[in-house]
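Chemist: curious how this folds, go ahead:
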Amino acid sequence: MYKKSVLPNGLRVITVEKPESHSIATGIFVKAGSRNEEIAHNGVSHFLEHMLFKGTKNFPNQLAISEAIEGVGGILNAWTDQDHTYYWNRVPTTQLSTSLTVLADMIRHPLLKEADIQREKGVIVEEINRKNDDPASHVWELIISALWPAQPMGYSVLGSKESVMSFTRQTFTDYMQRWYEPKNMVLVVAGNVPHAGVETQAAKFLHALKPVKIPSIVPAKESRGKPRQTIHQKKTDQAHLIIGFHALPYHDPDRYAFDVMNTILGGGMSSRLFMRIREEKGLAYHIASSDEYYADTGGLFIQSGLNLSKLDHAVEAITAELKLMKKEPVAVGELTRVKEYIKGTIDMSIDSTQAMAVWFGKGILFGDDKTPQEVIKEIDKVSVADVQRIASKIFTKERASLALIAPVKKEKPLVKYLEVL
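Modeler: Predicted coordinates:
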């Protein structure tokens, strides 16, 4: 389903051939995000992502970059996460050269003008303000910091206002020289394109990237012990809660059983948490669980917007569902339904060039080259015993943290409900 080659400088080139597609999704993954930062420069990964859209050698400003892609009917964007940054565009099949020209120029020849940097500082400070004003977003930073306190894994992706305001052009050039290295990147193209043609153009545009020694990242430390809680007092009409658990790293052999268990718990409107907490008890408008994998750690997150007057009742009810998953084997019928749900979402994702670019680009960046069909086979292998075993492993008080934004006292002992796990 995909083809891979490696340029002489170490850049991996991936193509996912989809002959039926009328578009191509092209992206460059960089294995660098907020966990690659020092505290004084926290937020530089995300700020740099902004700056690469501000102008390059051949596209001198943001408008020129946007018009090059949008002028052929395409779209472009990027995102920054804790462990990677992704720059991408999607264009008609005939525009592969345009797609690669723009991305390569962004990576190789950003202008990083001082005037643009100073102006963008104000933009990112407002992005931080927006995040702080939005409890549903802010609470995510609180739980990440609670699970991985005082270490890069727990840093904010956006950084702080103080760190952002301190950045100079040298900050960005030093960071790019350290992390934007060809062996630390993957170029991926998904669509109706031949691999040989992509490889030829990739070599043309990106051969000049120079290999350097990639620094080591700070290993994640999971400070397990008593459950921890972080409460941020804020006048809200709803309590914004995340209960988080240290979970599995990217290459853990139990990750497929973990995915199934997590989906049973909080994946979709037929999940246990949605049915019990929202539909049966009326304690929340929104509730779901999600999982994240990193090279050396991972997390499971239960996020909900809760009725303020029933906050204790809700946390107790959520904890009861976790205990139930540990105590009682899941019914065969429920397991079968959830496995079909996961397999169906994978099958449908194959129709999307962008989804396939992300699947293989990110996967290969972190050393996972399983195809959707291979993952489906792994999902089929998950048993009732596997689900109960993983639930018992993850849902313990030693792995748990709680983050809350609500107009309640910081000392409110919600964490006591996690002590029973």
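Chemist: closest to the centroid, which residue in this protein?
Modeler: Computing the C-alpha centroid of the chain and ranking residues by CA atoms, centre = their mean puts residue 81 first, at 5.3 Å.
Chemist: so it makes contact with residue 156?
Modeler: No. Applying CB atoms under 8 Å as the test, residue 81 and residue 156 come out as separate, 11.9 Å apart. For the C-beta atoms, the positions are set from N, CA and C on the backbone; glycine is no exception.
Chemist: how close does residue 383 get to residue 332?
Modeler: Between residue 383 and residue 332 the computed distance is 10 Å (CB to CB, to the nearest Å).
Chemist: higher neighbour count, those two?
Modeler: residue 383 (14 against 10; other CB atoms under 10 Å).
Chemist: pLDDT value on that one, please?
Modeler: On the pLDDT scale, residue 383 is placed at 98.
Chemist: could you shift the numbering so residue one becomes 53, and keep it that way?
Modeler: From this message on, residue numbering opens at 53, which makes the last subject residue 435.
Chemist: list the contacts of it.
Modeler: Counting by CB atoms under 8 Å, 6 or more residues apart in numbering, residue 435 touches 309, 387.
Chemist: then the one 3 residues further on?
Modeler: With contacts defined as CB under 8 Å, 6+ apart, residue 438 is in contact with 306, 309, 312.
Chemist: which residue is the nearest non-sequential neighbour of the second one?
Modeler: The shortest distance from residue 309 to any non-neighbouring residue, by CB to CB, 6 or more residues apart in numbering, is to residue 438 (3.9 Å).
Chemist: let's see stretch 197-212 as PDB, backbone CA atoms only.
Modeler: Provided in PDB are the C-alpha atoms of stretch 197-212 (Å, rounded to 0.1, in the frame of the first residue of the first chain):
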ATOM      1  CA  SER A 197       1.600  19.100  33.400                       C
ATOM      2  CA  ALA A 198       0.100  17.000  36.300                       C
ATOM      3  CA  LEU A 199       1.100  13.700  34.600                       C
ATOM      4  CA  TRP A 200       4.600  14.800  33.700                       C
ATOM      5  CA  PRO A 201       5.400  17.700  36.100                       C
ATOM      6  CA  ALA A 202       8.500  19.900  35.800                       C
ATOM      7  CA  GLN A 203       9.900  18.200  32.600                       C
ATOM      8  CA  PRO A 204       9.700  18.800  28.900                       C
ATOM      9  CA  MET A 205       7.100  16.100  28.300                       C
ATOM     10  CA  GLY A 206       4.700  18.200  30.400                       C
ATOM     11  CA  TYR A 207       5.500  21.600  28.800                       C
ATOM     12  CA  SER A 208       2.800  23.700  27.100                       C
ATOM     13  CA  VAL A 209       2.900  23.500  23.300                       C
ATOM     14  CA  LEU A 210       2.200  27.200  23.100                       C
ATOM     15  CA  GLY A 211       4.800  28.200  25.800                       C
ATOM     16  CA  SER A 212       4.300  31.100  28.200                       C
END
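Chemist: which parts of it are buried?
Modeler: Across stretch 197-212, burial judged by 16 or more other CB atoms under 10 Å covers 197, 198, 199, 200, 204, 205, 206, 207, 208, 209, 210, 211.
Chemist: that concludes my questions; thank you for your assistance.
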